[in-house]
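**Q** A predicted structure for the sequence below; I have some questions about it.
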Amino acid sequence: MTAADRLNQFEPVIAEVITILDRHTNQPKQLTIATGQIITAISQQGDSISFLLREQVMMKGDIAEIKGDDAGIKGEVAELKAGQAGLESKIVGLDSKIDQVLQFLQKPGQ
């Protein structure tokens, strides 16, 4: 076998090895790009979750405030009902007195 024949046998093997090396060189670059995209997506998801958690905290505060207002309104309604009951009893008493006055005025000769 001549030197040229040996060289011809090595050329395809070397070309194939170089092709494989190129592929292996490109894979880490692709992995780096993919990793960067994943990190960006995770960061965006983290931002979204943080936003939702802040909104939830604000909503809980609003709900607590509404519950406090509701309790105050219920207290005021109870006071109004008590006042209404007092007025109704006074009206009944007033009706009774008016009836007495009318009976007195309707009695002849007194």
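**A** Happy to help now that I have it. Predicted model only: the values in this text are computed from it and were never measured.
**Q** So residue 108, which state does it fall into?
**A** Under DSSP: H, G, I helix; E, B strand; the rest coil, residue 108 falls in the coil class.
**Q** distance of it from residue 101?
**A** 15 Å (C-beta to C-beta, to the nearest Å). Backbone N, C-alpha and C define where each C-beta goes, glycine included.
**Q** now swap in residue 53 and tell me
**A** Counting by C-beta to C-beta, the gap from residue 53 to residue 101 is 71 Å.
**Q** just to revisit the earlier point, who's more crowded, residue 108 and residue 101?
**A** residue 101 (10 against 5; other C-beta atoms under 10 Å).
**Q** Work out for me the element the more buried one sits within.
**A** Residue 101 is part of helix 3-106 when elements are defined by DSSP states H and E.
**Q** to the chain's geometric centre, what's the distance from that helix?
**A** 2 Å (C-alpha atoms, centre = their mean, to the nearest Å).
**Q** what mean pLDDT does that helix have?
**A** Averaged across helix 3-106, pLDDT comes to 90.
**Q** List of residues touching stretch 73-83?
**A** Taking contacts as C-beta atoms under 8 Å, 6 or more residues apart in numbering, no residue outside stretch 73-83 touches it.
**Q** Report the buried residues of it.
**A** For stretch 73-83, burial by neighbour count (16 or more other C-beta atoms under 10 Å) applies to no residue.
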